[in-house]
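A.B. asks: No letters, just coordinates:
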């Protein structure tokens with residue numbers, strides 16, 4: 001393979017200049033509307049993953065201050081708490097790195113600045129990755145700019161998942177792997193191994209995807225390497241071995257639990273065959289798989305419709321048209337270096353499709369992925385195979401840069417400049433079309449009642465209604481009280497689940513606040529006292545939650561659901577200690593307002609639905625796309641849109657990114 005050549009000072013300046021100019025062309029429309037609000041509002045939308053991330057970053061700061069363990073929290077599922085590590089991986093790295101900025105600049109501005117610096121650093125790391133395959137400085141600068149704003153990373157960022165959006169470490173790990181045939185010594189394998197391990201600590205499945213990429217690259221590069229091959233084999237072993245060694249302290253206990261079936265949300269591999277894959281966990285919960293399907297040009301959820309038929313809900317376009325057109329040219333232009341790039345791309349596509357390949361409405365099996373599910377138990381907990389697209393998100397800008405560099409060699413610098421400008425503008429156009437540009441913002445608003453709960457006697461909170469939403473996590477960062485729930489019901493401890501089924505008073509609270517149908521409560525005084533004995537003190541009712549889709553059983557209009565709850569829940573709980581248009585509070589102990597004597601005033605009005613919950617910007621389809629297996633009759637056509645979780649408050653099949661997993 002061609003040795004990586006050193007750049008002159010002029011070439012380095014050219015690469016930096018191109019990166020800055022192209023980056024400005026990309027980020028000016030992205031930040032134009034959001035820039036004035038960066039100190040008041042968070043980048044992204046008020047998605048439940050954004051609520052979880054806001055809580056998790058706050059939580060990591062608290063455990064740092066208190067010197068406590070971040071692997072378990074008593075704030076969820078009172079009084080049993082939550083095993084964050086065992087259920088969701090406890091990926092702490094990005095929250096730890098963000099903490100100094102959040103403390104120094106305030107939580108909102110600090111978090112926004114951390115994310116923007118992370119996206120810029122991702123671009124720089126992608127530029128370094130491009131240097132392993134592309135010679136032209138201007139083309140490398142273009143790769144850096146494009147790598148800072150890929151639709152994949154921006155989609156993760158907008159929906160509140162900076163853990164998956166910031167790709168600095170994956171780019172460094174992949175760039176190190178691609179350079180191994182060109183550089184001797186142990187410095188590069190050490191850098192790659194460290195980046196690989198830290199990638200795992202940022203997000204375990206990114207570490208898994210990059211580890212598999214390392215194995216594939218080792219096979220391809222060793223096969224291409226002329227004799228002697230042993231030094232290259234040793235460098236690959238050093239990189240992968242160091243990455244594994246450094247990641248094992250964090251990963252090994254979780255791997256043991258997965259292997260023993262002690263992790264919530266595992267699929268049963270015996271139900272995953274070439275003919276059919278049952279999207280139900282061993283505990284009986286429906287789960288929707290997030291997949292990327294190249295023949296559809298979409299990423300989205302594969303789940304089961306109420307009719308029992310498989311459906312696909314397209315949500316995002318990860319591959320810009322300009323990338324799809326330029327990448328094959330770039331791959332061809334790599335010459336002998338195309339083998340490793342092609343191998344990584346094929347691996348990413350194979351993993352991102354998950355267990356199926358969608359060809360029109362026909363569902364075909366993906367045998368390599370199914371084999372991995374049976375061979376590696378960690379794949380039984382992978383609800384988001386589509387995130388393996390990260391490998392393609394890193395390679396895409398590099399292949400585009402290779403195409404531009406080839407064009408410059410063939411037709412001259414002016415042609416390369418025109419191509420770079422066209423590709424940059426084409427990416428901006430797609431980001432605008434898919435509502436990723438300009439970047440939306442949202443404010444982590446906390447109702448006055450939740451600020452009131454920051455005062456008063458200790459005691460846990462029961463938040464009603466039990467909706468498929470995580471706004472209560474934002475509220476908890478202010479009132480700091482333990483709560484009955486906190487995450488997707490799939491992650492509820494069995495003890496808490498039993499309490500919600502056996503305590504008649506609690507059952508009545510949950511059923512009546514759901515407004516899902518006729519229900520005659522049969523409560524006992526001892527059940528109310530049992531909740532007090534467990535440490536529960538307050539009950540809150542969010543009136544704005546009835547504006548969310550599916551709340552009220554999907555059968556009542558929001559105002560009807562609110563009136564139904566008022567007629568049935570108030571007689572059960574008695575006189576509230578706080579009441580305003582947004583939230584009502586009750587004290588199970590029958591005492592007064594927790595914030596009596598403070599200056600906190602009730603909210604004057606509910607927030608309108610369009611402010612209280614921002615629409616997902618990436619939705620592509622208005623209806624589920626019905627699918628069929630070979631031998632089945634053609635589907636009846638698109639049915640009513642039912643995204644994961646629609647009509648199932650708190651119990652949708654879509655895997656809510658719980659805090660720690662994000």
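C.D. replies: The structure has been received and is ready for your questions. This is a predicted model, so every value here is computed, not measured.
A.B. asks: Wasn't residue 302 part of a helix?
C.D. replies: No - judged by DSSP: H, G, I helix; E, B strand; the rest coil, residue 302 forms no part of a helix; its state is strand.
A.B. asks: any idea of the pLDDT on it?
C.D. replies: In the predicted model, residue 302 carries a pLDDT score of 94.
A.B. asks: which residues does it contact?
C.D. replies: Contact partners of residue 302, counting by CB atoms under 8 Å, 6 or more residues apart in numbering, are 279, 288, 289, 291, 310, 311, 312, 354, 356, 627. For every residue, glycine as well, the C-beta is placed using N, CA and C.
A.B. asks: Can you get me a residue count around the third one?
C.D. replies: Using other CB atoms under 10 Å, residue 289 is surrounded by 24 other residues.
A.B. asks: Relative to residue 272, how far out is it?
C.D. replies: Applying CB to CB, to the nearest Å, one obtains 11 Å for the distance of residue 289 from residue 272.
A.B. asks: between the two, what contacts are shared?
C.D. replies: Between them, residue 289 and residue 272 share the contacting residues residue 355, judged by CB under 8 Å, 6+ apart.
A.B. asks: Skipping adjacent residues, who's closest to residue 495 in space?
C.D. replies: residue 80 (5.0 Å; CB to CB, 6 or more residues apart in numbering).
A.B. asks: I'd like to check which residues are in contact with that neighbour.
C.D. replies: Contacts for residue 80 were tallied using CB under 8 Å, 6+ apart; they are 493, 495, 496.
A.B. asks: That one and residue 108, how far apart?
C.D. replies: Applying CB to CB, the value for residue 80 to residue 108 is 32 Å.
A.B. asks: Okay, now the unreliable bits of the chain?
C.D. replies: The chain contains residues with pLDDT under 70 at 1-4, 467-469, 487-489, 549-555, 609-623, 635-662.
A.B. asks: ok so, going back, wait, is the residue nearest to residue 495 part of a strand?
C.D. replies: No - for residue 80, which was evaluated using three-state DSSP, the result is coil, with no strand membership.
A.B. asks: Straight-line length of stretch 402-419, end to end?
C.D. replies: Using CA to CA, to the nearest Å, the gap from the first to the last residue of stretch 402-419 comes to 12 Å.
A.B. asks: Show residues contacting it.
C.D. replies: So stretch 402-419 is in contact with 130, 133-136, 138-139, 142, 326-327, 329-331, 333-334, 420, 423, going by CB under 8 Å, 6+ apart.
A.B. asks: In strands, which of these appear?
C.D. replies: The strands in this structure, assigned by DSSP state E, contain none of the contacts of stretch 402-419.
A.B. asks: Okay, and which of those residues map to helices?
C.D. replies: 130, 138, 139, 142, 326, 327, 329, 330, 331, 333, 420, 423 (DSSP state H).
A.B. asks: sorry, back to before: output the contacts of residue 80 as TSV; include the columns neighbour count and distance to residue 214.
C.D. replies: Shown next, in TSV, are the contacts of residue 80 (neighbours: other CB atoms under 10 Å; distance: CB to CB, whole Å):
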residue	neighbour count	distance to residue 214
493	16	37
495	11	41
496	20	40
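A.B. asks: Closest one of those residues to residue 59?
C.D. replies: Nearest to residue 59 among those: residue 493, at 18.0 Å, using CB to CB.
A.B. asks: Quick check: the closest one touching residue 77?
C.D. replies: Yes - between residue 493 and residue 77 there is a contact under CB atoms under 8 Å: 5.3 Å.
A.B. asks: which stretches of this protein form strands?
C.D. replies: Taking DSSP E as the test, the strands found in the chain are 42-43, 72-73, 82-83, 289-293, 298-304, 310-316, 356-359, 362-365, 441-442, 460-464, 536-542, 578-579, 583-587, 625-626.
A.B. asks: Mind checking those strands for the one nearest to residue 605?
C.D. replies: When those are compared (using CB to CB), the closest one is strand 583-587, at 12.2 Å.
A.B. asks: Partner strands of that closest one, with direction?
C.D. replies: Strand partners for strand 583-587, identified by DSSP bridges, are recorded as strand 536-542 (antiparallel), strand 578-579 (antiparallel).
A.B. asks: contacting residues around the shortest one?
C.D. replies: Meaning strand 578-579. Strand 578-579 is contacted from outside by 449, 452, 584, 585, 593, 594, 595, 602, using CB under 8 Å, 6+ apart.
A.B. asks: Looking at those, which are in helices?
C.D. replies: The members of these that map onto helices under DSSP H are 449, 452.
A.B. asks: From the contacts of strand 578-579, list just the buried residues.
C.D. replies: 449, 452, 584, 585, 593, 594, 595 (16 or more other CB atoms under 10 Å).
A.B. asks: Mind putting those residues into TSV with distance to residue 427?
C.D. replies: As requested, the buried ones among the contacts of strand 578-579 are exported to TSV (distance: CB to CB, whole Å):
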residue	distance to residue 427
449	44
452	47
584	48
585	49
593	54
594	51
595	50
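A.B. asks: buried sites along the helix ranked longest in the chain?
C.D. replies: Ranked by residue count and defined by DSSP H, the top helix of the chain is helix 230-259. Applying a neighbour-count criterion of 16+ other CB under 10 Å, the buried positions in helix 230-259 are 232, 235-236, 238-240, 242-244, 246-247, 250-251, 254, 257-258.
A.B. asks: now, the most widely separated pair of those?
C.D. replies: In those, the most distant members under the criterion CB to CB are 232 and 257, with 36.0 Å between them.
A.B. asks: how near is residue 345 to residue 571?
C.D. replies: Distance check for residue 345 against residue 571: by CB to CB, it reads 63 Å.
A.B. asks: Please apply the same query to residue 606.
C.D. replies: Residue 606 sits at a distance of 23 Å from residue 571 (criterion: CB to CB).
A.B. asks: Compare neighbour counts for these two and give me the winner.
C.D. replies: Of the pair residue 606 and residue 571, residue 606 is the one with more neighbours under other CB under 10 Å, namely 20 against 10.
A.B. asks: what's around the closest residue to that one other than its chain neighbours, how many residues?
C.D. replies: Of all residues beyond its chain neighbours, the one nearest residue 606 is residue 581 (4.8 Å), with distances taken as CB to CB, 6+ apart. Counted by other CB under 10 Å, the residues lying close to residue 581 total 14.
A.B. asks: Could you do residue 91 as well?
C.D. replies: There are 24 residues near residue 91, going by other CB under 10 Å.
A.B. asks: Same check on residue 558?
C.D. replies: Based on other CB under 10 Å, the number of other residues close to residue 558 is 18.
A.B. asks: Check the contact between it and residue 545; I expect there is one.
C.D. replies: No - under the criterion of CB under 8 Å, residue 558 makes no contact with residue 545, lying 9.3 Å away.
A.B. asks: Now do the contacts for residue 15.
C.D. replies: Counting by CB under 8 Å, 6+ apart, residue 15 has contacts 7, 127, 137, 138, 140, 141, 144.
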